[in-house]
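Enquirer: How does the following fold in three dimensions:
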Amino acid sequence: MTNGDGLCRFASACEQHDRIIPGTGSTAIVPVVPTRTREYSWPTYLSKIPTMASTNNSSKDNNRATPNVGTASPGGNDQITAHSSYAYKCKKNRRRIRAASVALPMLTHALSIALYLRPLTSSPHLLSNPPPVLDEAHIVSDGNADVRGTSSLSDVFRNDYWGRPMNSPSSHKSWRPLAVLSFRWLKGANMFDWNDLFVHRLINVLLHAATAETCSIVATMIFPNLDAMHTLILRTATKLLFALHPAHVEVVANAANRPHILAVLMSSIMLDPSNHLLLVVVAQIAGLLSSETAIFQLPAVLATMTVIEWKRGTATPTPTPTPTTIRRGTFQSFLSTMVELVPRYFIMIALGLSYLIGRKYFDTLSIPDGLIRNAENPFYSLTGQTRVLTYALLLAIHFGKAILIDPIGFSHEYGFECIRNVVEPTDIRLLAPFAVYVVVGLVTLLCNRKGLEPTLAWAVALAWMLTLFPVSGFIKVGTSIADRIVVASTFAFAIFVGRFLSYFLLDFGNILVGEGREHRRPRRLFILVPKVLAVLALFAALSARTNRRSLEWMDSLTLLESSLVSCPRSAKSNLEISKIYSGLYKEKFDLGKAISFLEKAESIDPSYCDVHQQFAHCHIQQGKYLEFEERLTHAVLCPFTMGQSVPLWQRYWKQVTSDPRTGEQAKRRMDKYQAIVNEAIRQEAEREKAQQVAASSSGAT
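Expert: All right, here's what the predicted structure looks like:
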């Protein structure tokens, strides 16, 4: 046996060797009934363990099947010496595995943190004064009373994630008080006097690393019957797959997306059935207070928890059969496991229902229609066949992102015209959802043929894929495609692909020796080294891709440029990048380029009224006051820019109408635009009155 494959080949054999006990004058083996049939074990090497022939055995088969303590025979001293040598080698390899079991988790945990620390510290200004990217500007804003700590705790629970009252017509109903409190209490001023935004991002990195750790632990619970070496590889591969997943960058590198990783972390804590029920309840409440996505993870939590508890039963020896004994590993034992967990089911489901009923009662469950926009979710208003086909494509895109197949590329915003509607069943893009349905169906049939254990494992994987329900088209959400929605589904992906990699490294390519599939022997270094290199290449590719995407999220310009590569016809991305060239970044100031992006955004989506305020901002810098006045009027009429435009409107007209030379002309222009605004207000009032009449009549009915 060579040193290259010795550790792998000894791992399982040494576990069996632990059951060899010294006899009187010879050795003896304690026969063990396996808890389950191991498809990949190493009993060939057990034959190397010498045993004395028993004088009490009546046949050769009995000697092989049930070794007993025998008497000394010629050559016995040599056999005992060989046995002692083998025992020493086993002990030595057990120490190696034990050391690796401590070192590897620590190393991979450090790697999962370092992966994101590198882009977070890639430039000195990212440590001292990092520029906020997208919604991070809201988190670090001086006007955010909930994060700054100038509001009361009750206000935090009454307001949405953006600081607006939950009952406000302008609220998106994002109720995430625990996430808000994490920004409020964990700030740079409270931690070594560091920059607030850097600390917020650093905490995201630590939370993500903790979630990767829990994911690897859950993997060992779902596959409890593996030997030490397989378990070590499983845990290491699972953690790296989760930590290096490129779809996670959005929730880790951008501080404002912390609620999503918090929800997954809390759900992962709930998975272990041996955890105290109080801990599970606290974790579930914390998850629901972190993000709305936690409620969609509850079915996956229940399914995973049940399978883990059932697997623990199959990992223990079956007691002596009696007429009332339930055999381990059977469907009857699975039903018995479910019965044992009924109290836990009841409490967890009751908490979930209470959350939904409470949100419904206070009318904070659904986003107002007026806040769902084409620029962000152009599919919410679709109906009929077009809606069904388009959302089938969207689900397939998210499924692909979860399993590292990204057909559309990275973008912080997949809005209007990024993904075109699917109108006809003959659209070639429908091959993607068709392929997903075929694969799911075939794997389901294959697992059913293999037995109960594979079927339940596959059910767990599907349960985590059901966390994509928010983008199924059945409920109203403010976004259509987003990497942050995929994070929960990658939990199962990391676990099951991690299991495949442990099989690939330790079992794939083994040759048969002897009789039966259980007699396998690993090939030597010429097959082991290519497998290891292939796995390392996979992790290196994921690491490079994740690092590159993280660097893009460190700066608004690089992020928007990458988004326009994936979605060149995104109206919102074109608007956002125009702000950079109109003065947001002084070194990038270019009004001509800013207006060209604005014109493109307006041509893509003429209903996207946000562009008017940005046009007004550019025109006043160019000295084009007539164009500025017209765009400012449209900005006042836009409900999404009204709050910022009205004060500017008042200041501007007050100043220009007071000019003694041009004030009279300005007054006539102001009256013209004021009449337009008044007419829009009158029409809106009539529309609201008609809605109230319709609502009262339907209520009376």
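Enquirer: can you map out the strands along the stretch 451-600 of the chain?
Expert: 511-512, 520-521 (DSSP state E, counting those that start in this stretch).
Enquirer: Give me the below-cutoff pLDDT ranges for the stretch 401-550 of the chain.
Expert: Within the stretch 401-550 of the chain, the stretches with pLDDT under 70 are 510-525.
Enquirer: mind listing what residue 256 touches?
Expert: For residue 256, the contact set (CB atoms under 8 Å, 6 or more residues apart in numbering) comprises 134-136, 138-139. Glycine gets a C-beta too; all of them are placed from N, C-alpha and C.
Enquirer: Check residue 307 too.
Expert: Taking CB under 8 Å, 6+ apart, one finds 222, 456-457, 459-460 in contact with residue 307.
Enquirer: List the ones among these that fall in helices.
Expert: 222, 456-457, 459-460 (DSSP state H).
Enquirer: hang on, the earlier thing: quick one: which of the contacts of residue 256 is nearest residue 334?
Expert: Nearest to residue 334, judged by CB to CB, of the contacts of residue 256 is residue 135 at 44.1 Å.
Enquirer: ok, that closest one to residue 166 distance?
Expert: 18 Å (CB to CB, to the nearest Å).
Enquirer: Those two: who's more crowded?
Expert: residue 166 (18 against 14; other CB atoms under 10 Å).
Enquirer: Spatially nearest residue to that one (excluding sequence neighbours)?
Expert: Distances taken as CB to CB, 6 or more residues apart in numbering place residue 364 nearest to residue 166, at 4.7 Å, with adjacent residues excluded.
Enquirer: Then residue 591?
Expert: Take residue 591 and drop its neighbours on the chain: the residue closest to it by CB to CB, 6+ apart is residue 618, 5.6 Å away.
Enquirer: what's the answer for residue 459, then?
Expert: Closest to residue 459 by CB to CB, 6+ apart is residue 303, at 6.0 Å.
Enquirer: right, and residue 280 touches residue 344 too?
Expert: Yes - in this structure, residue 280 is within contact of residue 344 by CB atoms under 8 Å, at 7.0 Å.
Enquirer: Compare neighbour counts for the two and give me the winner.
Expert: Taking other CB under 10 Å, residue 280 and residue 344 do not tie; residue 280 has more neighbours (22 against 19).
Enquirer: and the more buried one, what does it touch?
Expert: Contacts here follow CB under 8 Å, 6+ apart; on that basis residue 280 touches 269-270, 344, 347-348.
Enquirer: for residue 212, same thing?
Expert: Per CB under 8 Å, 6+ apart, neighbours of residue 212: 109, 112, 239, 242-243, 494.
Enquirer: hmm, 6 Å instead?
Expert: 112, 239, 242-243 (CB atoms under 6 Å, 6 or more residues apart in numbering).
Enquirer: Tell me the one of those residues nearest residue 210?
Expert: Of all these, residue 210 sits closest to residue 112, with 9.3 Å by CB to CB.
Enquirer: In which helix or strand does the closest one reside?
Expert: Using DSSP states H and E, residue 112 sits within helix 76-120.
Enquirer: Please compute how far the very next helix or strand once past that helix lies from its chain's middle.
Expert: The helix or strand immediately downstream of helix 76-120 is helix 124-128, counting by DSSP H and E. With CA atoms, centre = their mean, to the nearest Å as the basis, helix 124-128 stands 28 Å off its chain's centre.
Enquirer: Then stretch 638-645?
Expert: 34 Å.
Enquirer: ends of that stretch, how far apart?
Expert: Taking CA to CA, to the nearest Å, stretch 638-645 runs 9 Å from one end to the other.
Enquirer: For it, the averaged confidence score.
Expert: Across stretch 638-645, pLDDT averages out at 87.
Enquirer: circling back: help me confirm that the residue nearest to residue 459 comes into contact with residue 463.
Expert: Yes - Residue 303 is within contact range of residue 463, at 4.0 Å (criterion: CB atoms under 6 Å).
Enquirer: what about the residue nearest to residue 652 when sequence neighbours are not counted, distance to residue 571?
Expert: Once flanking residues are discounted, residue 652 sits nearest to residue 632: 6.9 Å by CB to CB, 6+ apart. Distance, residue 632 to residue 571, using CB to CB: 20 Å.
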